[in-house]
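[1] here you go, sequence then predicted model.
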Amino acid sequence: DTAVSQTPKYLVTQMGNDKSIKCEQNLGHDTMYWYKQDSKKFLKIMFSYNNKELIINETVPNRFSPKSPDKAHLNLHINSLELGDSAVYFCASSSRTSGMDEQFFGPGTRLTVL
Amino acid sequence: TQLLEQSPQFLSIQEGENLTVYCNSSSVFSSLQWYRQEPGEGPVLLVTVVTGGEVKKLKRLTFQFGDARKDSSLHITAAQPGDTGLYLCAGASWKTSYDKVIFGPGTSLSVIP
């Protein structure tokens, strides 16, 4: 059974379009995240939700809007896509109550903006 | 601002060789995690170290947390091609509920058969 799943795996779209990426975790974790990994493989946190509450909101353009309908789901909607948005986006989850905050990552969504 | 540095950035070795990867920071962390990421996949947690000076072993991999909890090392003995991947260290702090895990830039390891 997949612990953290995200769809789609690949997303190719034109500049200016709006797209969404979905994420689901079945680990019973209380916290979910979106990370962006650029071409140099640097992993940078974008957002974090704890029990559906936004707790981390890094300096991300407001074209990016996360939504957490429940503790097991965290979606990412991107408006007016730009060339610089091309990257791999990872969803992750953790149990902050464990005190370790160990991250469990999804397989990633490779976004290519043409 | 908390930052993690990793060295070397790239490493290419022959199968059977030993290697050490370093993770350094000027900040103290409550715990430090090591992940391995293979091409086309998400990072996978290898180990978490919590206590200063702690050493953990995972088969041929040995992880050590510095006494001051600011740095860590990963030593691989007799590297295998299956060890190829991007190794990421990540530090966690617990000063506030808004603290986040900080990732280092990674060490890209290539083990040549």
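    Structure's in. What do you need? Numbers count the residues shown, from 1 in each chain, chains lettered A, B, ... in the order given.

[2] quickly check: the lowest-mean-pLDDT helix or strand in chain A near chain B or not.
    Using mean pLDDT, DSSP states H and E, the weakest-scoring helix or strand in chain A turns out to be strand A:53-57, at a mean of 83. Yes: Strand A:53-57 is in contact with chain B by Cβ under 8 Å from any Cβ of the partner chain, via A:I55, A:I56. Just so you know, the C-beta spots here come from the backbone N, C-alpha and C atoms, and that holds for glycine as well.

[3] partner strands of the helix or strand following that strand, with direction?
    Remark: after strand A:53-57, the chain's next helix or strand is strand A:64-70, criterion DSSP states H and E. Using DSSP bridges, strand A:64-70 pairs in its sheet with strand A:73-78 (antiparallel).

[4] can you name the element that comes right after the strand it pairs with?
    Past strand A:73-78, the next helix or strand by DSSP H and E is strand A:87-94.

[5] tell me which residues touch the closest residue to chain B within chain A, please.
    With Cβ to the nearest Cβ as the measure, A:F105 is the residue of chain A nearest to chain B, at 3.2 Å. Residues near A:F105 by Cβ atoms under 8 Å, 6 or more residues apart in numbering or on different chains: A:V4, A:Y35, A:F90, A:C91, A:A92, B:G42, B:P43, B:V44.

[6] hey, what's the first one bridged with?
    It stands for A:V4. Applying DSSP bridges, one finds that A:V4 bridges with A:Q25.

[7] how much space is there between it and B:P43?
    As judged by Cβ to Cβ, to the nearest Å, A:V4 and B:P43 stand 11 Å apart.

[8] likewise the third one?
    Separation of A:F90 from B:P43 (Cβ to Cβ) stands at 8 Å.

[9] now do the shared contacts for these two.
    A:L43, A:F105.

[10] can you list the weak-confidence ranges in chain B?
    Scanning chain B for pLDDT under 70 picks out B:1-2, B:94-98.

[11] let's see it at 90
    Across chain B, the ranges flagged by pLDDT under 90 are B:1-3, B:26-31, B:92-102.

[12] on that earlier part again, spatially nearest residue to the residue of chain A closest to chain B, not counting backbone neighbours?
    Spatial nearest neighbour of A:F105, excluding adjacent residues (Cβ to Cβ, 6 or more residues apart in numbering or on different chains): B:G42 at 3.2 Å.
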